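Visitor: sequence and predicted model, in that order:
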Amino acid sequence: MSSSNIAATGVPTIPAANGAVPLRREIRDLEANYSDQWNLYLLGLAAFTKVSETDLLSYYQLAGIHGEPFIPWNGVGGISDFRFGGYCTHSSILFLTWHRPYLALYEQALYAIIQGIASQFPDSVRARYVAAAKDFRLPYWDWAANVGSASAFPASISSATATIVDTDGATKVVNNPLYSYMFPSSAFSGDLDQSWSVYPGTVRYPTTQDSSATSQDDQVTQVITNENPSLRSNVSLILLSYTKFDAFSNNQWLRNGEPGQYGSLEDLHNEIHDKTGGGGHMSALEVSAFDPVFWLHHCNVDRLWAIWQALNPNSFVTAKASEGNFTTEQGAREDANSQLKPFWDASGTKFWNSTRVKETTPFGYAYPETQKWNYSTTQAYQAALRSTVTSEYGGNVLTSFFANASAAPVPTSTLAAEPAPALVSRLVERKAVAHPSTPTTGKEPIAKNAETAPAPSEENGQPKEPAAPATATVPLGVPSKFAHIVQDNSYTEWITNLRALKHGLSQTFRVLVFLGDFNPNPATWPLEANLVGRFTVLGRAPDTACAKCKADQEDELVVTGTVPLTMALLKEIVAGRLPSLKAEDVEPYLVKNLHWRVTLFNGDEKARSEVPGLSVAVVSTQVRIAEDGTPVYSEHYDLHPAITDGRPAGHGPGDDV
């Protein structure tokens, strides 16, 4: 190989004496507290998107590495059987490791542009901007953050315009480069699939399926907000209870009989693609990297992996047979030494592999949580991380619920807490016709109920009881009237396990999990008050150009995911509709109130019995609350087939786990 090959090095960085390197910051933090870097970011991204598409380091070409236009990048060809099949590593043991140098390559290209822009400012402020530019790193969007009354989808991403200070010193309102990427008018003919080439720029929740489409980013906000408790629980679940990389990293069904290994970071990643895309570019992996939010999303995925790595330093890539892609033979051994093509290391003579991308600091960055140089011992560092995860994502579901109860949505078995009428109207209008609901059994009522329950913060109109003092059995923050939920500082965590044939429907689809009644019109489901969470499957059609997708179709690849139920069950306990989290109470409650439905890429309903390989199960495990408030999960999980047996796609006794 030639040393002229473009190397994916990240930002060249010399760590400080204590090992410190610049941080990738959360986008809201960057905007609020690092105004010069924020300004440079917007200016740099705008300039980046205008670099000629013929340049290998253009926004267009780097985004294209992720899928369409399915052409070799930087001269990295493939094997003859997979002509122009892409470098896809989704649903693979290499999913996380491949994306780390990919992000680093993007970051270094953007960084170089920002350095040039900083030097163009007037003499009076140039030194300030040059200093800010030096420490700039790609921001991330923490889509599971508890932002309170703030928007779950930052306005800095969803607004069509942005205010910047230009290099001439003037304040200007410009098109927001985070809102949409406009495809170059001179783009290569036939680069994008016909269904995507109609759009002049990237869109989210498009109003139409043609060139007149505009984005509806308010729907991103509503959908993410509605499912935030489940998403937060899922993040803490995999960060604090998963200890094996093959389970944590990707969504392949492990077929190991372990019900406690259905979740993964890739499953959460898929969910965010689905929620932010809404039928737009983020919804389809092959074109998702063109949307500017893709890079913020994947930066957060990398961050969560970095946190998990610090907590599980001895768990990493294990050898598996490859499903095959543009550069790897189907059935070939895939392990920590597998080449992460098309990403050359600093020498330009060999490709990165998973072993050599294990740390972030060689790429010149860390995250706020992974500043290990601030701790004298690994034990102290890991303790701080567990505490941070618990604080940020409510790792201890029980005390987290009561701490946030005053701000929690109204628990209801009705549709009284419906989403904004105008927003629902737009959701309904996107569907050409009304779709009848899937026939239900006696176990699954979907009719409205006229009853409305009190909010979790109140008991029959009275303020919520103050937290009881910490005792041996009642953790701090749990009201005394709910002390029965905790036994010996332990409680039962309830989770829905889901799996399906990834490409079984030849398109993206999602399984929506409800606790309580819901409107029969699927157009309203994403904003239903009783929607707990979703399992998103990013399937593809048989004619896809993605080589790995084709191989996965041949192998009948099955993927898995989880939707935690505990937070939703606690609302029912507070509302007086569920006595406790014990199995004898929860099982009959879920038989009556747990429902799941399937919708396709366009939002149409699909009968559950017609989804190949779909299986929905309920499992539980014991969680002990440690003295510092962090959760300690049992390694044993119990299956509860009585809840789902006999229902469409429901797990039954003796079914595979």
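Guide: Sure, I can see it. What you see is a predicted model; the values in this text were computed from it and never measured.
Visitor: burial count for Ile307?
Guide: 21 (other C-beta atoms under 10 Å). Glycine gets a C-beta too; all of them are placed from N, C-alpha and C.
Visitor: ok, now how distant is it from Gln371?
Guide: Distance of Ile307 to Gln371, given as C-beta to C-beta, to the nearest Å: 12 Å.
Visitor: repeat that for Val632.
Guide: 25 Å.
Visitor: quick one, strands of the stretch 151-300 of the chain?
Guide: Using DSSP state E, counting those that start in this stretch, the strands assigned to the stretch 151-300 of the chain run over residues 161-165, 171-175.
Visitor: quick one: closest of these to Tyr199.
Guide: strand 171-175 (16.0 Å; C-beta to C-beta).
Visitor: show residues contacting the closest one.
Guide: Defining contact as C-beta atoms under 8 Å, 6 or more residues apart in numbering, one finds that strand 171-175 is touched by Leu42, Ala46, Ala160, Thr161, Ala162, Thr163, Ile164, Val165, Asp166.
Visitor: so Ile238 sits against Glu266, correct?
Guide: No: with contact defined as C-beta atoms under 8 Å, Ile238 does not reach Glu266; the gap is 10.1 Å.
Visitor: which one of those two is surrounded by more residues?
Guide: Glu266 (24 against 21).
Visitor: surely that one meets Ile93?
Guide: No: using C-beta under 8 Å, Glu266 is not in contact with Ile93, being 10.5 Å away.
Visitor: leaving out the residues flanking it, which one is nearest to the residue positioned nearest the centre of the chain?
Guide: For the chain, His269 is the residue whose C-alpha lies nearest the centre (C-alpha atoms, centre = their mean; 3.1 Å). Distance criterion C-beta to C-beta, 6 or more residues apart in numbering; nearest residue to His269, sequence neighbours excluded, is Val301 at 5.2 Å.
Visitor: immediately after the helix or strand Leu96 falls within, which helix or strand?
Guide: In the assignment (DSSP states H and E), Leu96 maps to helix 95-118. Once helix 95-118 ends, the next helix or strand along the chain (criterion: DSSP H and E) is helix 123-134.
Visitor: which residues does that following helix contact?
Guide: Tyr34, Asp36, Gln37, Leu40, Ile114, Gln115, Ile117, Ala118, Ser119, Phe121, Gly169.
Visitor: all helices for the stretch 301-450 of the chain, in order.
Guide: Remark: helices assigned in the stretch 301-450 of the chain by DSSP state H, counting those that start in this stretch are 378-393, 397-403, 421-429.
Visitor: contacts only, for His298.
Guide: Contacts of His298 by C-beta under 8 Å, 6+ apart are His99, Tyr102, Leu103, His269.
Visitor: and these, which of them are buried?
Guide: His99, Tyr102, Leu103, His269 (16 or more other C-beta atoms under 10 Å).
Visitor: test my guess that the second one contacts Pro342.
Guide: No: using C-beta under 8 Å, Tyr102 and Pro342 do not qualify as a contacting pair, with a distance of 9.3 Å.
Visitor: what do the two both touch?
Guide: With C-beta under 8 Å, 6+ apart as the test, Tyr102 and Pro342 both reach Ile65.
Visitor: that older thread, the residue nearest to the centre of the chain: what's it in contact with?
Guide: His297, His298, Val301.
Visitor: could you do Ser180 as well?
Guide: So Ser180 contacts Ala160, Gly201, Thr202, Val203, Ser215, Asp291, Pro292 (C-beta under 8 Å, 6+ apart).
Visitor: and the buried ones among the residues you listed, selectable in ChimeraX?
Guide: If you want just the buried ones from the contacts of Ser180 in ChimeraX, going by 16+ other C-beta under 10 Å, the selection is:
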select :201,202,203,215,291,292
